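Engineer: Pasted the sequence and its predicted model underneath.
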Amino acid sequence: MMKSYKDMFIQEIITTYPYAKDFFNTMGIPLKSSQETLMGYINNLDAIELEHLGIEHKEVYEQFEVFMQHMEEIKKGIRLNVESITILGGYNKLGEKEKSAITMHKGEIICIVGPTGAGKSRLLADIEWMAQKDTPTHRQILINGQVPPKEWRFSLEHKLVAQLSQNMNFVMDLSVYEFIQLHAESRMVDHPSQKALEIIEQANLLAGEKFDLETPITALSGGQSRALMISDTAFLSISPIVLIDEIENAGIDRKKALELLVKKDKIVLMVTHDPILALMGEKRLVIKNGGIYKTLTTTKQEKDNLKNLEEMDQILFRYREQLRKGETIDWLH
Ligand SMILES: Nc1ncnc2c1ncn2[C@@H]1O[C@H](COP(=O)(O)OP(=O)(O)OP(=O)(O)O)[C@@H](O)[C@H]1O
């Protein structure tokens, strides 16, 4: 059954479904926020004006309903269901065959470790592009055990992968709130303004130094913009796969950041040199000479040691804070 918007207040329609305005703008009868019901508004439209448009009052509503149903379908359609990704091995830089197949599932965190220049970013890029033996590594990526349809690789709508890279450069002249709200609207989420506030609140929990809604995005520090993008990805990205390149240098609460991203039922692949992050993952792919050299499963002992590492990290955190505040470092016992 079609949802009815007849008795909804226009104000509510606009805040819940901002794209509803587009329908009326295109018709040349712009919708203005008010406490009137939609049907009341439509019935009060000037009959002569509608005659010029070649449409009757009743038809305005009928066409609006069809438009909204179409938008709902688009919203549903762009959510791809990814249960697993499989990497079919290619060749390393020495031309040697790589480990044959590695499969990762929804909800898992997989870390990618290895020395500088080993090929970690290349692996992320292969996944991002859904390589089909057509990159320097000759790897092949399967989604849900199958070769993904060609159009997925190049489609903007079917964005399978969200990438959080090391540098975030904003050039737009917008406040944090305007920027995130625009993004939420473009994602066609319900209640975009509310969602934007939630995203900014969460970002502030990750960032060391807080920022407010009015802060221009160009004025955010590196850490703050990373925090904002992580929160934005966690709440707005419909991509089922998240690739993260070295979150540890961002000066944000990296453990919270990861928890935020992982809660959302995604497959997270993360390049990291940080032992705490690496041990939070279930698996580690070790890269050497451009190839996946081995796969390690985080052991129980490593998970137990994670607690010790976190305590050590807390101590270092306190020292860092003392340094930042210009204090002398008191030796902790
Ligand atoms: N299997 C491969 N065959 C051929 N070239 C490769 C292969 N793997 C990686 N390369 C190339 O090696 C170079 C270094 O790889 P990459 O940038 O991925 O390293 P990295 O581990 O991310 O390094 P860093 O830690 O410094 O960021 C890149 O030019 C990449 O395209």
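Structural biologist: Received it, and whenever you're ready, just let me know what you need.

Engineer: Does K255 touch M280 like I think?
Structural biologist: Yes. With contacts counted by CB atoms under 8 Å, K255 reaches M280, the gap being 7.2 Å. Placement of C-beta: from N, CA and C, glycine included.

Engineer: how about low-confidence regions in the stretch 151-300 of the chain?
Structural biologist: Residue ranges of the stretch 151-300 of the chain with pLDDT under 70: 155-158, 165-171, 248-251, 263-264.

Engineer: what sits against whichever residue of it sits closest to the ligand?
Structural biologist: The ligand sits closest to G290 of the stretch 151-300 of the chain, with a gap of 2.9 Å, by CB to the nearest ligand atom. Taking CB atoms under 8 Å, 6 or more residues apart in numbering, we find G290 in contact with 92-94, 118-119, 122, 136-137.

Engineer: any idea of the mean pLDDT for stretch 16-25?
Structural biologist: Averaging pLDDT along stretch 16-25 gives 87.

Engineer: Return the set of buried residues in it.
Structural biologist: Using 16 or more other CB atoms under 10 Å as the test for burial, stretch 16-25 gives 16-21, 23-24.

Engineer: Chain neighbours aside, what residue packs nearest to the residue positioned nearest the centre of the chain?
Structural biologist: Computing the C-alpha centroid of the chain and ranking residues by CA atoms, centre = their mean puts T233 first, at 2.2 Å. In this structure, T233 finds its nearest non-sequential neighbour in A162, 5.0 Å apart by CB to CB, 6 or more residues apart in numbering.

Engineer: Kindly confirm my reading that that neighbour forms part of a strand.
Structural biologist: Yes. Assignment of A162 by DSSP: H, G, I helix; E, B strand; the rest coil places it within a strand.

Engineer: what about the helices in this structure?
Structural biologist: For the chain, applying DSSP state H gives helices covering 10-16, 20-27, 38-43, 47-53, 57-77, 120-128, 150-154, 176-186, 192-206, 222-236, 254-262, 275-280, 300-324.

Engineer: Quick one: distance of the first one to the chain centre.
Structural biologist: On the basis of CA atoms, centre = their mean, to the nearest Å, helix 10-16 is displaced by 26 Å from the centre of the chain it belongs to.

Engineer: What are the buried residues along that helix?
Structural biologist: 10, 13-16.

Engineer: between the residues you listed, which is nearest Q314?
Structural biologist: Taking CB to CB as the measure, Q314 lies nearest T15 of these, at 41.9 Å.

Engineer: Residue numbers of the stretch 201-333 of the chain in contact with the ligand?
Structural biologist: Those residues of the stretch 201-333 of the chain that sit near the ligand, judged by CB under 6 Å from any ligand atom, are 290-291.

Engineer: try 8 Å
Structural biologist: With CB under 8 Å from any ligand atom as the criterion, the stretch 201-333 of the chain meets the ligand at residues 245-246, 271, 287, 289-291.

Engineer: sorry, back to before: need the buried residues of stretch 16-25 in TSV with distance to the ligand, can you?
Structural biologist: Output for these, formatted as TSV (distance: CB to the nearest ligand atom, whole Å):
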residue	distance to the ligand
T16	43
Y17	42
P18	40
Y19	40
A20	45
K21	45
F23	46
F24	50
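
Engineer: More neighbours: K255 and M280, which one.
Structural biologist: Neighbours were counted for K255 and for M280 using other CB atoms under 10 Å; M280 has more, 22 against 16.

Engineer: circling back to that earlier point, the residue nearest to the centre of the chain and L260, how far apart?
Structural biologist: 9 Å (CB to CB, to the nearest Å).

Engineer: next one: H57
Structural biologist: Note on H57: its distance to L260, by CB to CB, is 47 Å.

Engineer: Neighbour count: those two, which is higher?
Structural biologist: Under the criterion of other CB under 10 Å, the comparison of H57 against L260 puts L260 first, with 20 against 14.

Engineer: picking that back up, mind listing the residues bridging to the residue nearest to T233?
Structural biologist: Under DSSP bridges, the beta-bridge partners of A162 are V242.
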